[in-house]
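**Q** Predicted model and sequence follow; I will ask about them next.
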Amino acid sequence: MKKNVVLRIITNIYVRNILIMIVIALVMVAIVLFFLNIYTKHDQSVTVPSVKGLQVEEAEGIIKAANLNYEVVDSIFATGGVPGAIIEQTPKEQSKVKDGRTIFLTIQAKGIQMVAIPELKDYSRRQAEAQLNSLGFDKIIIDEVPSAYAGIVISVSYKGKTLTPNQKIPKGSTIHMTVGAGGESLDDSIPDMDMNVDESFFE
């Protein structure tokens with residue numbers, strides 16, 4: 001009796017269609033989960049290699065061998081080091097990432113950083129040196145010359161040429177700074193205004 005009831009339910013066209021739809025839905029869910037798992041490479045990871053200090057051309061082979069990609073995102077000027085060398089990478093070395101992940105690289109600039117020299121004329125020697133040091137110039141040769149005021153900057157030059165305000169030169173270059181040494185009176189800078197007067201004019 002019970003078998004007949006079950007058989008009737010199963011053979012009922014509406015019930016059978018519902019059961020078929022449920023089976024199809026379960027199969028579709030299983031297929032989606034399967035391909036999603038493949039797409040996201042679930043539980044698969046790659047160790048990021050260390051490429052700091054290498055040139056991009058050298059690092060490329062190492063990164064590709066690890067099934068990773070790379071992109072140079074920035075280049076900065078740094079004191080010392082090798083131009084073009086990688087100085088930073090993201091993610092860091094030994095990090096676990098998914099296969100195919102992009103490694104972002106920062107390299108040391110290959111060019112020379114040019115820095116604008118500000119107006120320093122009539123500044124005190126101490127102020128001028130402080131400004132130049134803050135801009136990355138620590139090789140400053142002081143040339144003292146007689147002047148009305150001691151310790152005042154007269155001019156700043158690079159490779160024998162006087163620099164104009166905001167003129168750019170390579171960072172870290174040797175700079176010559178001409179500074180007054182005093183010893184010259186103000187009267188020395190005033191031209192002699194005496195005039196030769198014809199004495200016969202008063203005769």
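**A** Looks like it came in fine.
**Q** Can you list the low-confidence ranges for the chain?
**A** Residue ranges of the chain with pLDDT under 70: 1-12, 37-43, 79, 184-203.
**Q** What is the longest helix of it by residue count?
**A** helix 13-40 (DSSP state H).
**Q** roughly how far out does it sit from the chain middle?
**A** Here helix 13-40 is found 52 Å from its chain centre; the criterion is CA atoms, centre = their mean, to the nearest Å.
**Q** and after it, which helix or strand comes next?
**A** Toward the C-terminus, helix 13-40 is succeeded by strand 46-47 as the next helix or strand (DSSP states H and E).
**Q** so what secondary structure elements neighbour whatever helix or strand comes next after that following strand?
**A** The first helix or strand that comes after strand 46-47 along the chain, using DSSP H and E, is helix 56-65. Under the contact criterion of 3 or more CB pairs under 8 Å, 6 or more residues apart in numbering; DSSP states H and E, helix 56-65 touches strand 69-76, strand 102-108. Every C-beta, even on glycine, is put in place using the N, C-alpha and C of the backbone.
**Q** Please identify the buried residues of whichever helix or strand comes after the longest one?
**A** If I follow you right, that is strand 69-76. As assigned by DSSP H and E, the chain's next helix or strand after strand 69-76 is strand 86-90. By 16 or more other CB atoms under 10 Å, the buried positions in strand 86-90 come out as 86-87, 89.
**Q** try stretch 138-157
**A** Buried residues in stretch 138-157 (16+ other CB under 10 Å): 144, 147, 151-154, 156.
**Q** ok, those residues vs residue 172, which is closest?
**A** residue 156 (15.2 Å; CB to CB).
**Q** got the buried residues of stretch 138-157 as TSV, with distance to residue 77 columns?
**A** Shown next, in TSV, are the buried residues of stretch 138-157 (distance: CB to CB, whole Å):
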residue	distance to residue 77
144	33
147	36
151	32
152	32
153	27
154	31
156	22
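**Q** tell me the centre residue of this structure?
**A** The structure's the chain has its C-alpha centroid closest to residue 76; by CA atoms, centre = their mean the separation is 3.2 Å.
**Q** Tell me who's in contact with that one.
**A** Shown in contact with residue 76 (CB atoms under 8 Å, 6 or more residues apart in numbering): 87, 106-109.
**Q** Distance to residue 67 added to the residues you listed, as JSON lines?
**A** Converted to JSON lines, the contacts of residue 76 look like this (distance: CB to CB, whole Å):
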{"residue": "87", "distance to residue 67": "24"}
{"residue": "106", "distance to residue 67": "22"}
{"residue": "107", "distance to residue 67": "22"}
{"residue": "108", "distance to residue 67": "27"}
{"residue": "109", "distance to residue 67": "30"}
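**Q** Scan those and report the most crowded one.
**A** Taking other CB atoms under 10 Å as the neighbour criterion, residue 107 ranks highest of the contacts of residue 76 with 23 neighbours.
**Q** pretty sure it contacts residue 87?
**A** Yes. Using CB atoms under 8 Å, residue 107 is in contact with residue 87, at 6.5 Å.
**Q** Among the buried residues of stretch 138-157, find me the one that's closest to residue 93.
**A** For those, the minimum distance to residue 93 (CB to CB) is 44.4 Å, reached by residue 156.
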